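Peer 1: I would like to see how this sequence folds:
(2 chains)
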Amino acid sequence: MTRQMKLGAFLWATGHHIAAWRHPQAHVRAGIDIDHYIQLARAAEAAKFDMVFCEDAAGLREANVGIASQTSRSIGFEPISLLSALAVQTSRIGLVSTASTSYNEPYGLARTFLSLDHLSGGRAGWNLVTSASPIEAANFGSTGLKPHADRYERAREFAEVVTGLWNGKLGASGHDGQSFSVRDPLDLPRSPQGAPVMVQAGASDVGRDLAARTADVVFTAAQTFEEGKAFYDDLKGRMAAYGREPDDIKIMPGVAPVVAETEAEAREKYEELQDLIPDDVGVALLSSYLSISDLWRYPIDGPLPDLPESEGMKSRQALVIEQSRRDGLSIRQLARHFAGARGHWRIVGTAAQVADELQARFEGGAADGFNVMPSYFPGELDAFATLVVPELQRRGLFRRDYEGRTLREHLGLKRPA
Amino acid sequence: MDNGATMHLAVSLFPGTTDPSPGREFSRLAGLVQKAEAAGLDMVLLADSAPASGGGAANSPMPFEATTLLAALATVTSRIGLVAAASTIDHQPYNLARRFASLDIISHGRSGWNATMAQAPREAANFSRPEGFSPDDFRRRSEEYIGIVQGLWQGWDADALLFDQTGGRFHDPGKMHLLDHKGEFFSVRGPLNIARSPQDTPVLVLSGLSVSDLDIAARTADVILLDDGPIDGAKARYEELKRRVATCGREPNAVRLLTNISLVADGTAKPTIADSMEKGFRAKSCDGFNIQMPAQLSALEDLVDLVLPEMRRRGLFRESYRGATLRSHLGLTGGGDQ
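Peer 2: As a prediction, the model looks like this:
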C-alpha cells in the first residue's frame, strides 16, 4: 500500500484561535462540558483520525489576570481524567495527552498512562514535555523554573524509567539514578499495544536528541516548507545513532486550517475570528511565546525589539523572531498572526487548497502527517472532517477505515519487544 | 415516597478474581457499579492497587489506576458517588487537586478523594524516596497536603465564569484566588486551572486513621471510615469525634462517620448483616457503613438483593436518591442541588 498521512485532532478548550470562545458558533462552555468532548472525539473517530491530542499545563497559561480573563484558557479539564472518560466512549481513535517530566514521578505516570491504555484497549499515548512556564513552576515549589539543560537531563532519565516499566525491563534491582529511584515493576498487565505511544514536541538541539532516542511521534511547528523539511531531515538523521530506522518516528507538524466551500468564505471566516482578538490579548500571547514580560512597552505598530535568549521555549522563540524579520511584521501584525495559529502553520482556503498544501509537505519529505488545530469547536473540526478528509481520501492520501485497533497499528509503529 | 431514613451506605470494591482481558474487566466493573447505583447506594469506593499500597493485591491486580477508572465509570453512571483512593506519595498536591476537580466536573459533582493517613510500607521506594517518612513527618505532611488540596478546590468562586462573548469577559478575575501556600513540605501558588466543583468541592474521605489523626479528620474530612469494634467503644468514639468536629467550629453533621464492615459472598449474609447494621446504627455508633467486598457480582447481589430490601423494610435506608451530587447523597452542606 502506498504511504498515507497520519492525522491528529488537537483538542483545546473552545478552539485554537485565541478569540475562538467569542465566536458565535463556538461552544463557550467547552471547558466544563464533558459531553462536548465526547462528541468531538466521536466526530474525529468517524473521520478516521489517528488520534485526539490534548495539550496540558499544570497552572494558568497567562500571568496577567486581566489578560487571562479575556480568554477561555484559564479553565479546562485535566487531560488524563478527560481521556479516561473518552476511552470508554470511543472504540478506535488514539488518545494522547501531554504530561510533564518536571512535576511528576515516572512510576506514577507510567502506571496512569498504562491504565488509560487498558481502558482504551491499546489506544493511549504520552506527550512528554519538560514544562517551560514559571507559572507552573510556582505550583510545585519555591525554587522557580529549572534551567533548560537540567529539565532535559531529568526528562531523559524519566523517559528511560517509564519505557523500562512499560516494557518490563526495569531489572531486578529497579532503578537508582540521579533524579529518580524505583524499586518495583508495575502492578498492571502489559499494554495491549506493547507500550503506550511516546510523543515529544521539544525542538531544541537537546530536545531533538531525546526525541531521536525515545519518541514514536514528534509534534512540531513549521511555518514554511523549508523549515519543516530541515527539521524532518535533521531529526530522522539523528536516529541511526540510537539504532533506529527513520520510519520509527512519525513527524507531525501542527496545522491550523480555516476551510470553507470557497476561498472567499474561508477568508471571511478567518477575518471574522481575527477581528475578535483584543490587542492586549494578542500582545500578551506573543510575549509568552517570546518568554518576555514587557513587550507592551514597545510601540504596537513598530518592529519586535532585540531579545535575549531565554530559559523558556528556545526553539519557538527563534521561530517567531525569524518570521517577524522575514515578513517585516509589526508587533500588532505578528501578535494577531500568532494569536490565530499560535506559531503553527496557517492555511486558509478550500478543501482542495488545504489538501494541496498538506500533500506537498507530505510528499516532499517534510511531514509524515499533521496535527490539526481547528480554530473553534465543534464547527471547524467538522469542516475539516467533512471537507478536507474526503478530499485526502479521494487522493489516496488518507485511510478510509482503520487498519487496526491500537494507536500503534494506526500509526504503523513497531510493537516494542 | 421518601421514608426519611438517614443511614448512609457505601461499598468498597477491592480487587477480586479479574477477567484476563482488561477490556472486559472494565465492562464487568461498570456492571457492578451500575447495579450499586440502581440500588441507591451513596457511593462506591475504588481501591488503588499499587503493590506499595499493601494487601494481597499483587495476586489479582485490577488493570486500572483508580482515578482513571473513576473517570471512565463516571460516563456510564449518572447518580452514584464515585470515590477513588489516591496516594499523597504518588502525586504532587497540585496535580491531585486538579485531577479530582476534573473528575468532579466529568461526573457532574459525584466525585470524592479517599486519602489514607497510613503510610504504605513500600510505596515511597517507587517514588524516589527510598527512606520513606517518619510517622510524625508523614502525619504533618499529610495534614499540610490535605489543606493545600482543599484550598485549591476553593480557588474559583462558583460564579466566576461569565461566558460574556460580546463583552469579551470570560471570567471575573476578582473571583479567582491565589492560594499562596508556603509550608514545611510544599510551596504552591495556585490557583487550579479548572472551574469550581458542581458540588462546591469534591468529597474528602479519610481512612487509615490512628488516634492522633482524629483532630485532622475532625477539621478536614467530609467522611471518615473507621474499623468496626465493640458497640460501647464505637459509640464513645462517635461521640468523641462529633465533639471534636464541633470544637473545630463545624456542624457535627458536616462529617459522616462510616463503619467498615465486610461482606462475604455466601448468600447467608442477610440476617446477620442487617441485624448488626441496625444495632450499630440505632446505638448511634456511626452514620452508616462502608461495606467492603471483593469486586464480584455474587457479593454485590447478596447486598443489593438480600440485605438492602431488609434494611428498607426496617425503615433504615432511603428508598432512592434525594439529589444528584455525592454531597447531597451524604446529606452534607454545599450539595449543589439548589
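Peer 1: where's the residue lying closest to A:Y376 once chain neighbours are set aside, which helix or strand?
Peer 2: Distances taken as C-beta to C-beta, 6 or more residues apart in numbering or on different chains place A:G15 nearest to A:Y376, at 3.3 Å, with adjacent residues excluded. Where you see a C-beta, it was placed from the backbone N, CA and C, and this is true even at glycine. For A:G15, there is no host helix or strand (DSSP states H and E).
Peer 1: Could you list which residues are in contact with A:G15?
Peer 2: For A:G15, the contacting residues are A:W21, A:H23, A:A26, A:P374, A:S375, A:Y376, A:F377, A:E380, by C-beta atoms under 8 Å, 6 or more residues apart in numbering or on different chains.
Peer 1: separation between it and B:G151?
Peer 2: 32 Å (C-beta to C-beta, to the nearest Å).
Peer 1: quick one: which of the contacts of A:G15 is nearest A:L329?
Peer 2: Nearest to A:L329 among the contacts of A:G15: A:S375, at 20.2 Å, using C-beta to C-beta.
Peer 1: Determine the number of other residues adjacent to that closest one.
Peer 2: By other C-beta atoms under 10 Å in any protein chain shown, the residues close to A:S375 number 29.
Peer 1: Now do the contacts for it.
Peer 2: A:G15, A:H16, A:H17, A:A20, A:H23, A:A256, A:V258, A:K269, A:Y270, A:L273, A:G340.
Peer 1: Return the closest of the residues you listed with respect to A:G228.
Peer 2: Using C-beta to C-beta, A:A256 comes nearest to A:G228 of the contacts of A:S375, at 14.1 Å.
Peer 1: So that closest one, which state does it fall into?
Peer 2: Under DSSP: H, G, I helix; E, B strand; the rest coil, the three-state class of A:A256 is strand.
Peer 1: Same check on B:T88?
Peer 2: coil.
Peer 1: My read is that it contacts B:A115, right?
Peer 2: Yes: contact criterion C-beta atoms under 8 Å: B:T88 and B:A115 qualify, at 6.5 Å.
Peer 1: what's the helix or strand for A:R61?
Peer 2: Going by DSSP H and E, A:R61 is not part of any helix or strand.
Peer 1: Let me know whether it touches A:Y289 as I believe.
Peer 2: No: counting by C-beta under 8 Å, A:R61 stays clear of A:Y289, with 11.2 Å between them.
Peer 1: same for the helix or strand of chain B with the lowest mean pLDDT, what does it pack against?
Peer 2: One helix or strand of chain B scores below all others by mean pLDDT, DSSP states H and E: helix B:269-282, with a mean of 86. Counting contacts by 3 or more C-beta pairs under 8 Å, 6 or more residues apart in numbering or on different chains; DSSP states H and E, helix B:269-282 is packed against helix B:231-247, strand B:256-262, strand B:288-294, helix B:308-313.
Peer 1: mind checking which of these is nearest chain A?
Peer 2: Relative to chain A, the nearest member of the helices and strands packed on helix B:269-282 by C-beta to the nearest C-beta is strand B:288-294, separated by 17.2 Å.
Peer 1: Neighbouring strands of the closest one in the sheet, and parallel or not?
Peer 2: Within its sheet, and counting by DSSP bridges, strand B:288-294 is paired with strand B:8-14 (parallel), strand B:256-262 (parallel).
Peer 1: which residues touch the closest residue to A:L295 other than its chain neighbours?
Peer 2: Of all residues not flanking A:L295 in the chain, A:S287 sits nearest, at 4.2 Å (C-beta to C-beta, 6+ apart). When contacts are counted by C-beta under 8 Å, 6+ apart, A:S287 touches A:S293, A:D294, A:L295, A:W296.
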